[in-house]
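> Fold the following and give me the result.
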Amino acid sequence: MAAVSSTSESGDPGGRHPPERRLLLLGGPQAGKTSSANTILGDEVFQAGTETTHSNVGQTEIYGRRVTVVDTPQWAIPGDPEDDEDDPSAADENANAVAETDGPARPPPSLDSEGPCMGAILCPPGPHAILLVVSVAQPFVESQRRAAEEQLGALGGGTWRYSMVLFTGVDKLVKGTFVEEHIANTGEALQWLVERCGSRYHAFDNTMKDADDNTQVPELMEKVEEMITDNQGWYFEVNELILLEEEQARRALEEERMRMEEHARQREQMIGGPPRELRLLLLGWKGVGKSSVGNSILGRRDFESGQETELCLRRQALVSGRRVTVVDTPGWDWFSVRRTPKRIRQESQRGAALLRPGPHTLLLVLPVVSSLTARKRRTLLAHMETLFGERACLHTMVLFSCGDWLGRTPIEEHIQRGGRELHRLLEYCGNYYHVLDSKTPGKDSRSISDLLDKIEEMVRENGDDAFLPIQSEWLSEESSQSSDNTEPEDDCRGCQLQ
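Now for the predicted structure:
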């Protein structure tokens, strides 16, 4: 931001265009910005009583001078429990504020609400005065002070030279009480704000704007002229770079909101009553971190990691609105199917049988720190096809474990460096893959949610073959030795993805 001289705005020599003054109104919830803007404009230009989500501009002429007024969305009040600790009466004051204001409390600003820069750009090349609207009917505590400071900070440096406090609702003051007494009695936060504005303030009673003897607007404009004179005729110029950054941040929030809404809509289409179920079977070599991955997915330590898994173990939890059932299995040999004991191969099949009528996804766990040779890849695929058949590839996803080893390296770059054998493995899996930091269960819920989204995408792609059906020979081998306390017939009760 920069302060720029406005002496050239005193009007053109021909007098065809009157000189202009530009006012930017900022304030918190129910401060009375919109009503004050209408009072200055002398008409109901803006719709009062509803939340302002986008900046609006209006113009009028006062004593031969064109006045531009910009109303802006309310600023957000940051929540801080320390406020209540520092000021025990803060909670009571906030409760009283709701009772004293007109109408119900409004919700916080929506994600697509604009910031102060967007309002400033509507009065180019910049406002002569920034009016900080504060209602005397609400307590002005530390959180409001911080909000005001953050809003002006977003505009850039030097804003306080152009700022003035505009008090509203003075008709609600106790009869005989002046604004000066209100400032002195309200507390340090309000006193700080007024002092920061160079002790410039004005008071509005928006209920008397239609009165014939109403002088509050002309008096406000006189104070604005005094401030402009003190600033040597300068106005506050908007820095387009800061505006661009704010607009990009706003758009990012809006895109995220739309993405979440679309995600929720897709979920609603798939939900048919009880929480839907995803059935996941963890597979892979010995020591690749299958148990840790299972704990990360479920968000808790249900599987014993750090030691060799001997028997299949099934656990279940609600994760991101879904019922997720995970079965951990013993590990395979790295180099040969024959070297994997028959008991381990049968346990893998029994693990699938614990997910009857079948697993939606076979998660092939592969550490990002391990290199994949041609022999290792052939061994993995031989295990998959020997144990689960040729169509297992339609339900298999590579799940990279130990993702924290990547640091800031994207998983796509790691795959690119992984060589031909890794690419061939991913092609076998239909290029379905995901990466997890499996050290701390529940650490990265966003990554787990993304994994479940990919699994549901795979389910939709598979259509009628949404899961890998278990085979009769797997059931004949099913043993009570499997470490699980859940009856098999209960496995998919309420499943909506079958």
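> Flag the shaky bits of the chain, pLDDT-wise.
Regions of the chain meeting the criterion pLDDT under 70 cover residues 1-18, 78-117, 210-213, 239-247, 250, 263-275, 438-444, 475-498.
> Got the domain ranges for it?
2-251, 275-490 (automatic domain parsing).
> now the last one, how far from the chain's geometric center?
Translated: domain 275-490. Between the centre of domain 275-490 and the centre of its chain there are 30 Å (CA atoms, centre = their mean, to the nearest Å).
> just the helices in the stretch 351-498 of the chain please.
374-388, 411-417, 420-428, 445-462, 472-477 (DSSP state H, counting those that start in this stretch).
> Name the stretch among those that sits most buried.
Mean neighbours per residue, mean count of other CB atoms under 10 Å, is largest over the helices of the stretch 351-498 of the chain for helix 374-388, with a mean of 18. Placement of C-beta: from N, CA and C, glycine included.
> Which residue is the nearest non-sequential neighbour of Ile411?
Val435 (4.4 Å; CB to CB, 6 or more residues apart in numbering).
> which residues does that neighbour bridge with?
Under DSSP bridges, the beta-bridge partners of Val435 are Phe400.
> tell me, how many neighbours does it end up with?
24 (other CB atoms under 10 Å).
> Let me know the distance separating it from Ala317.
Distance, Val435 to Ala317, using CB to CB, to the nearest Å: 21 Å.
> What ranges does this protein have for its strands?
For the chain, the strands defined by DSSP state E occupy 2-5, 20-27, 56-62, 65-71, 129-135, 163-168, 201-203, 234-237, 277-283, 313-319, 322-328, 361-367, 396-401, 433-435.
> got those as CSV, with distance to Thr50 columns?
Below are those laid out as CSV (distance: least, CB to CB, whole Å):
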stretch, distance to Thr50
strand 2-5, 34
strand 20-27, 15
strand 56-62, 12
strand 65-71, 12
strand 129-135, 16
strand 163-168, 17
strand 201-203, 24
strand 234-237, 28
strand 277-283, 43
strand 313-319, 38
strand 322-328, 38
strand 361-367, 48
strand 396-401, 48
strand 433-435, 44
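> looking at the ones you listed, which is closest to Glu390?
Comparing these against Glu390 with CB to CB, the closest turns out to be strand 396-401 (11.6 Å).
> tell me the angle of the closest one relative to helix 374-388?
Angle between the axes of strand 396-401 and helix 374-388 is 130 degrees (criterion: axes from the mean of the first three to the mean of the last three CA atoms, to 10 degrees).
> by contact count, what packs against strand 396-401?
Counting contacts by 3 or more CB pairs under 8 Å, 6 or more residues apart in numbering; DSSP states H and E, strand 396-401 is packed against helix 290-298, strand 361-367, helix 420-428, strand 433-435, helix 445-462.
> how about a markdown table for the domains of the chain, with distance to Met258 added?
As requested, the domains of the chain are exported to a markdown table (distance: least, CB to CB, whole Å):
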| stretch | distance to Met258 |
| --- | --- |
| domain 2-251 | 9 |
| domain 275-490 | 16 |
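> Glu262: which of those is closest?
So among those, domain 275-490 is nearest, using CB to CB, at 11.3 Å.
> Pipe the helices of the stretch 351-498 of the chain into a markdown table and attach distance to Ser163 per row.
Below are the helices of the stretch 351-498 of the chain laid out as a markdown table (distance: least, CB to CB, whole Å):
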| stretch | distance to Ser163 |
| --- | --- |
| helix 374-388 | 67 |
| helix 411-417 | 48 |
| helix 420-428 | 58 |
| helix 445-462 | 40 |
| helix 472-477 | 74 |
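> between those, which gets nearest to Ile77?
Taking these one by one with CB to CB, helix 445-462 is closest: 27.0 Å.
> Now do the closest one: everything it contacts.
263, 270, 278, 280, 296-297, 299, 319-320, 322, 324, 360-361, 394-395, 397, 399, 430, 432, 434-437, 466-467, 497 (CB atoms under 8 Å, 6 or more residues apart in numbering).
> What of stretch 303-318?
Contacts of stretch 303-318 (CB under 8 Å, 6+ apart): 275, 286-287, 289-292, 294-295, 298-300, 302, 323-331, 347-348, 350-351, 354-355, 481-484, 486.
> Produce a PyMOL select command limited to the buried residues of the residues you listed.
Buried residues among those (16 or more other CB atoms under 10 Å), as a PyMOL selection:
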select buried, resi 289+290+291+292+294+295+298+299+302+323+324+325+326+327+328+329+330+331+347+348+350+351+354+355+482+484
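> Ile40 is nearest to which of the strands of the chain?
Here strand 65-71 is closest among the strands of the chain (CB to CB), at 5.3 Å.
> which secondary structure elements does that closest one contact?
Strand 65-71 packs on strand 20-27, helix 33-41, strand 56-62, helix 116-120, going by 3+ CB pairs under 8 Å, 6+ apart.
> Correct me if wrong: Ala76 contacts Ala147.
Yes. If you go by CB atoms under 8 Å, Ala76 and Ala147 touch, sitting 6.6 Å apart.
> So these two - more neighbours on which side?
Ala147 (19 against 16).
> give the contact list for the more buried one.
Contacts of Ala147 by CB under 8 Å, 6+ apart are 28, 75-78.
> Just the buried residues of those residues.
28, 75-77.
> out of these, what pair is the most spread apart?
Gly28 and Ala76 (8.2 Å).
> Which of the helices of the stretch 351-498 of the chain sits closest to Lys33?
helix 445-462 (36.3 Å).
> what angle do that closest one and strand 361-367 make?
130 degrees.
> Kindly format the C-alpha coordinates of helix 445-462 as CSV.
What follows is helix 445-462, C-alpha atoms only, in CSV (Å, rounded to 0.1, in the frame of the first residue of the first chain):
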residue,chain,number,x,y,z
SER,A,445,-6.7,-38.1,8.6
ARG,A,446,-6.8,-36.2,5.2
SER,A,447,-4.5,-38.8,3.7
ILE,A,448,-6.6,-41.6,5.0
SER,A,449,-9.7,-40.0,3.6
ASP,A,450,-8.1,-39.6,0.2
LEU,A,451,-7.1,-43.3,0.3
LEU,A,452,-10.7,-44.3,1.0
ASP,A,453,-11.9,-42.0,-1.8
LYS,A,454,-9.5,-43.8,-4.2
ILE,A,455,-10.9,-47.2,-3.0
GLU,A,456,-14.4,-46.1,-3.6
GLU,A,457,-13.4,-44.9,-7.1
MET,A,458,-12.0,-48.4,-7.8
VAL,A,459,-15.3,-49.9,-6.5
ARG,A,460,-17.2,-47.7,-9.0
GLU,A,461,-14.9,-48.6,-11.8
ASN,A,462,-15.4,-52.3,-11.1
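> what's the angle between it and strand 313-319?
100 degrees.
> could you give the angle of helix 445-462 to strand 277-283?
Orientation of helix 445-462 against strand 277-283 (the same axes, to 10 degrees) gives an angle of 100 degrees.
> re the thing from before, which one, of the helices and strands packed on strand 396-401, ends up nearest to His182?
Comparing the helices and strands packed on strand 396-401 by CB to CB, helix 445-462 comes nearest, at 46.9 Å.
> how far off strand 322-328 does the closest one point, in degrees?
Going by the same axes, to 10 degrees, helix 445-462 makes 90 degrees with strand 322-328.
> sorry, back to before: ok, of the contacts of helix 445-462, which come out buried?
Buried among the contacts of helix 445-462 (16+ other CB under 10 Å): 278, 280, 296-297, 299, 319-320, 322, 324, 360-361, 394-395, 397, 399, 432, 434-437, 466-467, 497.
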